[in-house]
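J.: Need coordinates for the following:
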Amino acid sequence: MKRRIRTRALAATSVLSALVAAALGYAAIRSADVAREAAPVWTPPAETVPMGESVGVFYEIFVRSFRDSDGDGIGDLNGVTASLDYLADLGVRGIWLMPIQPAASYHGYDVTDYYGIHPDYGTMEDFRRLVAEAHRRGIRVILDLVLNHTSDKHPWFREAAEGSDNPRRDWYVWAEDQGIEPTEPGPWGQKVWHRIGGSFYLGVFWEKMPDLNPDNPEVRAEWIRIGQFWLKLGVDGFRLDAAKHIYENFRSSVGDRLTTEKNTAWWREFRRGLDEVNPNAYLVGEVWDSPAVIGPYLNGAFDSAFNFELANRLVGTARAERASTVVESLSKVLAYYSSQSGGRFVDAPFLTNHDQNRVMSELGGRVGRAKIAASLLLTMPGNPFLYYGEELGMRGTKPDERIREPMPWSEDGRSDGDTRWEPALNRTPGVSVEKQRNDPDSLLNHYRKMIALRNREPLLQNGGIARFPLAGDGVLGYVRFRGDDRLLVVHNLTGLPQRVDLWTGGRLPFRKIAFASEKGARLSRGRELELPPYATVLMR
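T.: Reported below is the predicted structural model:
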């Protein structure tokens, strides 16, 4: 009797499912009909905004957490060298090494010697070998350069703190020398004046990181010597930390025009100094601010600046699974940057970095959303930056140690190469190179697929970008173009199949699927694009 009731229940459920499916099918067809009735007009994009040439995808590495080569549990330079084949297979064309100089803290942003290698990471010979092996694989190497401040353990600061008669005194900023009350707050209201003996020194980020004095010509000359030193060792450029904080204004806004002008003037001076050694050195600045503040730095100072505004929009779009105005906003920003730089800038898009919650945590651990976030990023103009482990779906939220955990090479975290300097509290089953390497549906292989697509498709690297009108909140389309060559990118931002009508303004501009990230994408009835969940399609 129970079996017969269950059978009837299953039959009723099947009928109900069929009715729901039929209704959904009708709704999908009807939505396509509505889209045709009020077909949006597509206007071919105008001439490409002048921009510099992309050199490819960069990969940010926290060496301490990345790969251990000698079994001490701490990542090192030889571990990075041993991972170059993995990175080359991933398709990256550049690596950014977070600080590798001797420092007082685990993170390395409080340098004690600008001309050395942190002993935990290896030797200068190890570094030379890393650069040579990276270049042999066509991978550039850029270093994190922290010029705004040193460690309070740096010999320069120890000398400066000896008293006003010490020659190093003016290498740092002292409240009494500036005529500033040491109670005056910093640019975001924090305590920035710290006592040592009877004096107060400036430390914008932390009392253990005193700020150098950019008004001292000896300091500026030393900064240039540091940059030239590393370029002579074969480094291809620098990520410039806290670039807008070299000069500060404590009496008004940190973003005021005069302060920006002083900062940009310094970075142009720095650029001229580097040009003496390598005029092709790539400089990407960390200017965590609005495009209006970033723009002037692209005029003769930096090649790129990290696009924080775009990062927020890309992650937000993937999290909401809804189309946004990301393309329209980006187009305006790129036009502005082009006008500021004379068309020489290269955008630097990313999702999250070492100062932010990891993207997988921001997306609620949803692999589909992580795939679409990657697809969005890797179809943007410029040089995209990935944060190590992002391609695996590593999770982590603040504090900083939790977003800089060991790279999961193996599933158990205890195999050769895995670091152990910090507990991996956010380690998740299945999130490892070992587990994902041979799984065609893994996030890792999605990144590989999308980076390979970018590397072989010139329009994704250097083309302009313009919104393509599509009906439906769950689908985002845009055209990448250069001259008369055009490529349509369509993303299904949702976990449900989508059908969109490509008919615009009485015509079908794109007729052939050139790439699909997921199986099942097809063009039906000559004009309707069918998209599997979280799929990205490129059309000619």
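J.: Would you agree Ser338 falls within a strand?
T.: No - counting by DSSP: H, G, I helix; E, B strand; the rest coil, one finds Ser338 to be helix, located in no strand.
J.: need the contact list for it.
T.: Val49, Pro50, Met51, Phe345 (CB atoms under 8 Å, 6 or more residues apart in numbering). The C-beta positions use only the backbone N, C-alpha and C, and glycine is treated the same way.
J.: close enough to count as contact, Phe157 and Met209?
T.: No - under the criterion of CB atoms under 8 Å, Phe157 lies out of contact with Met209, with a separation of 9.6 Å.
J.: Find residues that contact each of the two.
T.: Counting by CB under 8 Å, 6+ apart, the shared contacts of Phe157 and Met209 are Thr150, Ser151.
J.: about what we covered before: out of the contacts of Ser338, which are buried?
T.: Buried subset of the contacts of Ser338 (neighbour count, 16 or more other CB atoms under 10 Å): Val49, Met51, Phe345.
J.: one step back: out of Phe157 and Met209, which sits in the more crowded spot?
T.: Met209 (25 against 22; other CB atoms under 10 Å).
J.: how about the more buried one, what does it touch?
T.: Tyr109, Asp110, His149, Thr150, Ser151, Asp152, Gly203.
J.: can we see that at 10 Å?
T.: 103-105, 109-111, 146, 148-152, 154, 157, 194, 202-203, 242 (CB atoms under 10 Å, 6 or more residues apart in numbering).
J.: Then Thr48?
T.: Residues in contact with Thr48 (CB under 10 Å, 6+ apart) are 334, 338, 343, 381, 459, 462-466, 480-483, 485.
J.: cool, and Ala243?
T.: Here Ala243 is in contact with 145, 147-148, 263-264, 266-267, 270, 283-289, 294, 297, 301-302, 305-306 (CB under 10 Å, 6+ apart).
J.: which strands and helices sit next to whichever helix or strand Arg480 is part of?
T.: Arg480 belongs to strand 475-482 when assigned by DSSP states H and E. With contacts defined as 3 or more CB pairs under 10 Å, 6 or more residues apart in numbering; DSSP states H and E, the packing partners of strand 475-482 are helix 326-341, helix 367-377, helix 458-462, strand 464-467, strand 485-492, strand 498-501, strand 528-531, strand 536-539.
J.: closest to Asp76 out of those?
T.: Checking the helices and strands packed on strand 475-482 against Asp76 by CB to CB gives helix 367-377 as the closest, at 28.3 Å.
J.: buried ones in whichever helix or strand comes after that closest one?
T.: Downstream of helix 367-377, the next assigned helix or strand under DSSP H and E is strand 385-387. Within strand 385-387, the residues scored as buried using 16+ other CB under 10 Å are Phe385, Leu386, Tyr387.
J.: following strand 385-387, which helix or strand comes up?
T.: helix 433-436.
J.: contacting residues for the closest residue to Ala318 other than its chain neighbours?
T.: Closest residue in space to Ala318, ignoring its immediate chain neighbours: Ala373 at 3.8 Å, by CB to CB, 6 or more residues apart in numbering. By CB under 10 Å, 6+ apart, the residues touching Ala373 are 314-319, 351-352, 359-360, 362-363, 366, 390, 491, 493, 534.
J.: what about 8 Å?
T.: Leu314, Val315, Ala318, Leu351, Val359, Leu363.
J.: do the same with Leu502
T.: Leu502 neighbours (CB under 8 Å, 6+ apart): Leu470, Leu488, Leu508, Pro509, Phe510, Leu523, Arg527, Glu528, Leu529, Met539.
J.: Relative to Gln356, how far out is the residue positioned nearest the centre of the chain?
T.: The chain has Phe350 as the residue nearest its centroid, 2.6 Å off, counting by CA atoms, centre = their mean. Applying CB to CB, to the nearest Å, the value for Phe350 to Gln356 is 9 Å.
J.: and if you look at Arg344?
T.: Arg344 is 28 Å from Gln356, where distance means CB to CB.
J.: which of those two has more neighbours?
T.: Per other CB under 10 Å, whichever of Arg344 and Gln356 has more neighbours is Gln356, with 21 against 16.
J.: and the more buried one, what does it touch?
T.: Ile403.
J.: change it to 7 Å
T.: Residues near Gln356 by CB atoms under 7 Å, 6 or more residues apart in numbering: none.
J.: where does it land in three-state SS?
T.: Gln356 ends up coil, using three-state DSSP.
J.: Need the phi and psi values for it.
T.: Per-residue torsions, Gln356: phi -130, psi 160 (degrees, to the nearest 10).
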